[in-house]
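In: What follows is a predicted protein model with its sequence.
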Amino acid sequence: MAKLTKKQKEALAKYDPQKEYTLQEATNVVKEINYAKFDASVDLDVRLGIDPRKSDQMVRGVVALPHGTGKKVRVLVLCSPDKEAEAIAAGAEFVGLDDYITKISGGWTDIDVIITMPTVMAKVGKLGKILGPRGLMPNPKSGTVTMEVGKAVTEVKQGKIDFKVDKTGIVHAGVGKVSFSSQQLEENIKEVLLTIAKLKPSSAKGTYIKSVNISSTMSPGVKVDKASVGGL
């Protein structure tokens, strides 16, 4: 790790890694203790009291961030020729079908989201071994398998993200950039947390949302007092 400057050390000294901050305080702290020289991403980690090995306790959802992610999202639309113009008009970077399936089969995955149609899902399904591990496999639940490809592209570009709990029971989500205002980060984070709260499996026992942390690419995690987020 690069040596910290005096300013960076001062910033880190203002924060207590053991303290639980209100959501408003936590977003301010993350912005203050971020010492990256670039516009770092802000990430949310939510530890859930569930057993993700049980199929009835899988937490997966879609949320539209009010202020987007701050990232340029590269979209590939795999569709039939009659839908290509619609996908291009909505702003998809890559549009086509067989050529891209061949390209992905050869290992190309230089994209962030793939949107496709139910009618071509049989062809796309064969790419599961490549797309699955990279989190790129289109899924009807996340709205990326649809006949309305233009609408889906627009939503993704505007900040619609999908998330799912990992095998350790944690949901990770990118919720913005350090350049966002504290209020923008707060509103994005609250939207994700309230969506996760609504997805509580009926079979989950005990405390559902165990802990909430936020961090930037170049900052340590800041604990959030979940009681400061109304509605959880």
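Out: Perfect, I can see it now. Since this is a predicted model, take the numbers as computed values, not measurements.

In: Only C-alpha atoms from now on, for both contacts and neighbour counts.
Out: Noted.

In: which residue sits closest to Gly49 in space, ignoring its chain neighbours?
Out: Closest residue to Gly49 apart from its sequence neighbours, by C-alpha to C-alpha, 6 or more residues apart in numbering: Tyr208 at 4.6 Å.

In: The one you found: how many residues sit nearby?
Out: 16 (other C-alpha atoms under 10 Å).

In: what residues are up against it?
Out: Applying C-alpha atoms under 8 Å, 6 or more residues apart in numbering to Tyr208 gives the contacts 48-50, 200.

In: what's the first-to-last distance across stretch 160-175?
Out: 11 Å (C-alpha to C-alpha, to the nearest Å).

In: so Tyr35 makes contact with Thr217?
Out: No - under the criterion of C-alpha atoms under 8 Å, Tyr35 makes no contact with Thr217, lying 9.2 Å away.

In: So which of the two has more stuff around it?
Out: Tyr35 (21 against 17).

In: Tell me which helix or strand the more buried one sits in.
Out: Here Tyr35, judged by DSSP states H and E, is contained in no helix and no strand.

In: what's the spacing between it and Pro220?
Out: Tyr35 is 10 Å from Pro220, by C-alpha to C-alpha.

In: again with Gly106
Out: 38 Å.

In: Of these two, which one has the most company?
Out: Neighbours per residue (other C-alpha under 10 Å) separate Gly106 from Pro220, with Pro220 holding more: 16 against 10.

In: out of everything not next to it in sequence, what's closest to Gly176?
Out: Thr69 (4.3 Å).

In: list the helices and strands the longest helix along the chain packs on?
Out: Identified as the longest helix of the chain according to DSSP state H is helix 182-198. Other helices and strands packing on helix 182-198, by 3 or more C-alpha pairs under 8 Å, 6 or more residues apart in numbering; DSSP states H and E, are helix 23-33, strand 60-64, strand 170-177.

In: Run through the bridge partners of the residue positioned nearest the centre of the chain.
Out: Closest residue to the average C-alpha location of the chain: Ala173 at 3.7 Å, with C-alpha atoms, centre = their mean. Beta-bridge pairing for Ala173 (DSSP bridges): Leu44.
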